[in-house]
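1. sequence plus predicted model, see below.
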Amino acid sequence: MSGKLMKVFITRRIPQEGMKILSAAGVCEVSQWDSDEPVPRAELLKGIQGAHGLLCLLSDKVDAEVLEAAGPNLKVISTLSVGFDHLAIDEIKKRGIRVGYTPDVLTDATAELTVALLLATARRLPEGVEEVKNGGWSSWKPLWLCGYGLSGSTVGIIGLGRIGMAIAQRLMPFGVKRLLYSGRTAKPHAAEVNGEFVPLDTLVSESDFIVVSCSLTPETQGMCDKSFFSKMKPTAVFINTSRGAVVNQEHLYEALSSGQIAAAGLDVTTPEPLPTNHRLLTLKNCVVLPHIGSATYSTRGVMSALAARNLLGGLQGTDMPSELTL
Ligand code: NDP
Ligand code: DGY
């Protein structure tokens with residue numbers, strides 16, 4: 001009986017929702033890197049041998065070497081993420097392998113976290129909490145721990161996709177005056193938030209808050225660099241919840257430490273985890289979170305279920321609920 005089951009490799013412990021769906025389907029034999037920590041490369045290369053399906057995470061680089069190690073059985077790669085920059089799409093496409101991902105189900109959670117990070121950064125919440133604990137709070141002082149507010153501001157969103165739009169919808173009720181966005185194409189749905197499609201340079205120089213929510217592509221890699229930061233207002237706040245590699249972190253450090261820009265909030269960095277001795281972590285005006293955009297219990301459960309259903313669709317040659325168009 002087990003000889004007929006298709007072989008699946010899962011690169012991490014994932015929420016039970018997905019595991020239950022896979023086991024109830026009865027079509028696959030699962031082997032798993034049963035840990036909360038990433039699978040070592042050697043174990044990935046071993047575990048995927050002969051697999052028909054791979055369920056992976058954004059921290060697993062799936063390149064030609066992994067695909068070669070898998071061999072010709074591999075029909076489907078299901079990633080527990082909406083971002084797919086960790087997958088070598090050209091190599092995957094060449095081999096006729098289908099890809100499933102998890103768009104939409106994490107949009108609200110990620111947009112919510114982005115707003116939280118923006119407010120925490122602009123209103124200096126981590127600094128304030130620290131001052132309460134270390135005795136720095138001596139009295140109410142008129143100019144102490146002042147930051148920047150959203151009311152009457154101009155917000156610029158780079159990448160008004162699913163998450164970018166959900167961020168805009170959440171920010172507008174704070175009294176934002178102008179909502180600018182940039183990307184490859186103007187979006188009809190921008191009208192709902194009075195979004196103005198502008199060239200990137202205009203967005204950078206006119207925004208009080210810049211939020212990066214685009215996907216990581218060869219075009220966006222390193223997009224936020226010295227020249228980008230030099231065009232920002234000195235009072236502007238920079239937020240990135242897309243991928244760390246969109247930002248040149250050395251240039252960001254210079255911009256933050258020289259006062260060229262006011263503050264930055266990052267949910268994503270290069271590398272992840274960011275080494276604890278990284279220069280960015282020495283700055284009071286830089287708030288760094290450990291890539292927790294989609295981290296609500298329910299969202300992760302739904303992502304897990306969707307990733308399992310995508311995997312099953314690929315194994316069985318049927319529709320996937322969320323298949324990436326290659
Ligand atoms: P979408 O595909 O809906 O949106 C991506 C956006 O990126 C599109 O609006 C696209 O605009 C834009 N984009 C692409 N190329 C460029 C460019 N050159 N310049 C500016 N914008 C560009 O994806 P989602 O909104 O669902 O997710 C976006 C990203 O967020 C993911 O790829 C992932 O990296 C990240 N993410 C991070 C999370 C976290 O935990 N921090 C959680 C979830 C996602 P256009 O259509 O005009 O090209
Ligand atoms: C994604 O899905 O791409 C995020 O980075 C994690 O949820």
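-> Sure, I can see it. Ligands and ions are numbered 1, 2, ... in the order given.
2. distance check, whatever residue of the stretch 101-250 of the chain ends up closest to ligand 2 against Val30.
-> As assessed by Cβ to the nearest ligand atom, ligand 2 sits closest to Leu106 within the stretch 101-250 of the chain, at 5.2 Å. In this view, the C-beta of every residue, glycine as well, is placed from N, C-alpha and C. Distance of Leu106 to Val30, computed by Cβ to Cβ, to the nearest Å: 23 Å.
3. what's the nearest residue to the residue of the stretch 151-300 of the chain found nearest ligand 2 if we skip its chain neighbours?
-> Here the stretch 151-300 of the chain gets closest to ligand 2 at one residue, Ser294, 3.4 Å apart by Cβ to the nearest ligand atom. Counting by Cβ to Cβ, 6 or more residues apart in numbering, Ser294 lies nearest to Leu106, which is 3.8 Å off, once chain neighbours are set aside.
4. list the residues that contact the one you found.
-> Going by Cβ atoms under 8 Å, 6 or more residues apart in numbering, Leu106 touches Val82, Gly293, Ser294, Thr299, Val302, Met303.
5. keep those residues, but drop any that are not near ligand 1.
-> Val82, Gly293, Ser294 (Cβ under 6 Å from any ligand atom).
6. checking the last one next. Helix, strand or coil?
-> Secondary structure, DSSP: H, G, I helix; E, B strand; the rest coil: Ser294 is coil.
7. count of residues packed around Arg162?
-> Look at Arg162: counted by other Cβ atoms under 10 Å, it has 18 neighbours.
8. backbone phi and psi for it, please?
-> phi -60, psi -50 (degrees, to the nearest 10).
9. could you check how far the residue of the stretch 151-300 of the chain at minimum distance from ligand 1 is from Asp208?
-> Closest contact between the stretch 151-300 of the chain and ligand 1, by Cβ to the nearest ligand atom, is at Gly161 (1.9 Å). Look at Gly161 and Asp208: by Cβ to Cβ, they are 22 Å apart.
10. where does pLDDT dip in the chain?
-> Within the chain, the stretches with pLDDT under 70 are 1-3.
11. nearest the middle, which residue of it would you pick?
-> In the chain, the residue lying closest to the centroid (Cα atoms, centre = their mean) is Ser242, at 4.2 Å.
12. ok, now which ones touch the closest residue in space to Gly175 that isn't next to it in sequence?
-> Among residues not flanking Gly175 along the chain, Ser151 sits closest, at 3.7 Å (Cβ to Cβ, 6+ apart). By Cβ under 8 Å, 6+ apart, the residues touching Ser151 are Phe174, Gly175, Val176.
13. would a markdown table of these with neighbour count, secondary structure and distance to Ile14 be doable?
-> Shown next, in a markdown table, are those (neighbours: other Cβ atoms under 10 Å; DSSP: H, G, I helix; E, B strand; the rest coil; distance: Cβ to Cβ, whole Å):
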| residue | neighbour count | secondary structure | distance to Ile14 |
| --- | --- | --- | --- |
| Phe174 | 15 | helix | 35 |
| Gly175 | 11 | coil | 40 |
| Val176 | 19 | coil | 37 |
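14. check whether stretch 241-254 contacts ligand 2.
-> No. Using Cβ under 6 Å from any ligand atom, stretch 241-254 never reaches ligand 2; the gap is at least 7.4 Å.
15. comparing Gly161 and Asp208, which shows the higher neighbour count?
-> Using other Cβ under 10 Å as the criterion, Gly161 and Asp208 rank with Asp208 on top: 22 against 19.
16. and the chain, split by domain according to the record?
-> 6-105+297-324, 125-284 (the TED database).
17. so for Val115, which of those sits nearest?
-> Proximity to Val115 (Cβ to Cβ) singles out domain 125-284 among these, at 4.9 Å.
18. quick one: buried residues of stretch 26-41?
-> Buried positions in stretch 26-41, judged by neighbour count with 16 or more other Cβ atoms under 10 Å: Val27, Cys28, Val30, Gln32, Trp33, Val39.
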